Every structure is written in structure tokens, then in C-alpha cells.
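Asks: Give me coordinates for this.
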Amino acid sequence: MNTQTQTTQANETFALKKLKGIKPKGVKHKPSYTTLQSLLEIKDEFLDTEHAFSASKHTSFIHSSDTIKYNYERIYQKVSENYLKTVSFSEKNLSDFIFANVNNDLSNYQSGMLGLFTGCMLDMLFQKNKSKNQRTMFHINGQGNRFDNLFHASKFIDVLFVENFYADTIIGYYGDWIGGIANYVLSVNPEGRIVHEDTPFYRRDMVSNQKTDHEVIKFLRSVETSFPNQVNQYIKYITMD
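Replies: Numbering: from 1, shown residues only. Model prediction:
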């Protein structure tokens, strides 16, 4: 068999494998979906399913201190063990997801559910990083965009710095409100009807942090913020030395 015939047969075999969906050696398939696309599709499915779940379509169970703990546990289990079980996402993916959903026209109920979804995502990052003995330090500048109920009822927060968001409610019922932890929380320049509901402007868990956490201070000084003076005030607030 001459060289030309061998080459022709090899090309035909390669093309046939492609047509049959078989991955030829040395050829890498690009993923058909980005992580963000997957997250957005799952979010839509989640909102549709949960909207059907609630007969009343009201947000009372989302914003009630009597029911938020139970409902968040139920929703977190569904998100982490079903909707997002096979999706690996990073802090960057979470940030992209948030900006892909700003200024939406969702109903009050769906807006509350989307806020809970972001809270679940932050908790999942915390758990993933904790299993690797890593910190979860998250900063996001909303640039004046609206995102109601952002990080609502997030149960496990290591370091969270949120600035420049317009919202009815932001970071509500987090941490020990629902039996979890919140080590460091900083919210700067939130605007809206009820901002930072049931949460202090500055937060440091005085029980678990009895000394200065220089890793957190280094992180805060590294972020690009629109409010350096407020960040410096917070750094002084969390300095224990």
C-alpha cells in the first residue's frame, strides 16, 4: 500500500469517527456550554419549579424569621444535591452569574427565590473550599445595578464584601440567623427601600475571631473598591491587636 493510499484511508477514518461522534485521538472537544450558561439554565429551571411549588406565590416564607431557617435548609438541599450537584463553579463564575441577573423584571416571589439561589451558591463555595482547607473571600462591586435579595439567608460566610448595589433587601438573615456562621461581612453604599435588612453594617464574629486575621486584611487591601475610606475603617474595626 503506497503512502498516498494510507493517507487517504486515515483521513476517511478520521472523518467517519467525527460523523459518528467518536473522539479521534489527539482531538479535544470544546465544551458545548460554559459554566455561566449552565448556571443560567439551571437557575431558570429552579425558578420555574419553585414557583410551581408555592401555591400562594408570596414571599412571606422568604422574609419571615420564623420560617426562613427551615425553608432555606430545604432549598439548599435541593440546590446542592440536585440542581448544582454536577456543576463546578468558582468565585468568578458566581460574580458573572450575579451580573447576568442584575436589573431583572422578576416577580417578588421569584426575586426572593433568586436571592436564595445566590445564597446557596455562596454556601456551596464555602463548603468546597473548606474541604480543601481554603478560605472563601468574596468581593463584588455592583456598580449601581439592582439585585434584590442578593445572598439572602446565606448560612456560611467566611469573608463577604459587597458594595454599590441597589436592592430592596441585601444579605438578609445570614449566618447565625439560621444556625450558621458569618466571620466577616462588609456592605458599603447599598441603596434601596430596605437595605441590609436584619444585618449590621459591619460584622465580625467575635466568638471565633479573637485575634487579628491578617489574611482577611490583606484581601481587603487588595480589592479594587470605590470606598477605600470605609474599607480602612472596617480594617480598623476588625483589628484586634
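Asks: Give me the contacts around the host helix or strand of residue 93.
Replies: Taking DSSP states H and E as the criterion, residue 93 maps to helix 91-99. The contact list for helix 91-99 (C-beta atoms under 8 Å, 6 or more residues apart in numbering) reads 35-36, 39-40, 43, 89, 118, 121-122, 125, 136, 138, 140, 145, 147, 150. Yep, even glycine has a C-beta here, placed from its N, CA and C like the rest.
Asks: residue ranges with poor pLDDT in the chain?
Replies: For the chain, residues meeting the criterion pLDDT under 70 lie at 1-32, 51-66, 176, 190-210, 241.
Asks: gap between the longest helix seen in it and the chain center?
Replies: In the chain, assigned by DSSP state H, the helix with the most residues is helix 108-131. Distance of helix 108-131 from the chain centroid (C-alpha atoms, centre = their mean, to the nearest Å) equals 5 Å.
Asks: Repeat that for stretch 158-170.
Replies: 12 Å.
Asks: Would you state the helices of the protein in chain order?
Replies: Under DSSP H, the chain gives helices at 3-19, 35-53, 68-78, 91-99, 108-131, 214-222, 228-238.
Asks: winner for burial among those helices?
Replies: Stretch with highest mean neighbour count among the helices of the chain: helix 108-131 (a mean of 21; mean count of other C-beta atoms under 10 Å).
Asks: So which elements touch that helix?
Replies: If contacts are counted by 3 or more C-beta pairs under 8 Å, 6 or more residues apart in numbering; DSSP states H and E, helix 108-131 sits against helix 35-53, helix 68-78, helix 91-99, strand 156-163.
Asks: So which of those is nearest residue 105?
Replies: helix 35-53 (12.6 Å; C-beta to C-beta).
Asks: Show me what the closest one is packed against.
Replies: With contacts taken as 3+ C-beta pairs under 8 Å, 6+ apart, helix 35-53 sits against helix 91-99, helix 108-131.
Asks: next one: that helix to chain centre, how far?
Replies: 14 Å.
Asks: what angle do it and helix 108-131 make?
Replies: Taking axes from the mean of the first three to the mean of the last three C-alpha atoms, to 10 degrees, one finds helix 35-53 and helix 108-131 inclined to each other by 130 degrees.
Asks: just the CA coordinates of helix 35-53, formatted as CSV?
Replies: C-alpha atoms of helix 35-53 as CSV (Å, rounded to 0.1, in the frame of the first residue of the first chain):
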residue,chain,number,x,y,z
THR,A,35,-20.2,27.3,33.3
LEU,A,36,-22.2,30.5,33.2
GLN,A,37,-24.6,29.2,30.5
SER,A,38,-25.2,26.1,32.6
LEU,A,39,-25.8,28.1,35.8
LEU,A,40,-28.3,30.4,33.9
GLU,A,41,-30.2,27.4,32.5
ILE,A,42,-30.3,25.7,35.9
LYS,A,43,-31.5,29.0,37.5
ASP,A,44,-34.4,29.2,35.1
GLU,A,45,-35.4,25.6,35.9
PHE,A,46,-35.1,26.3,39.6
LEU,A,47,-37.3,29.4,39.5
ASP,A,48,-39.9,27.6,37.3
THR,A,49,-40.0,24.6,39.6
GLU,A,50,-40.1,26.6,42.9
HIS,A,51,-42.7,29.0,41.5
ALA,A,52,-45.0,26.0,40.9
PHE,A,53,-44.2,24.6,44.3
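Asks: now that helix against helix 68-78, angle please.
Replies: Counting by the same axes, to 10 degrees, helix 35-53 points 130 degrees away from the direction of helix 68-78.
Asks: Noted, bye for now.
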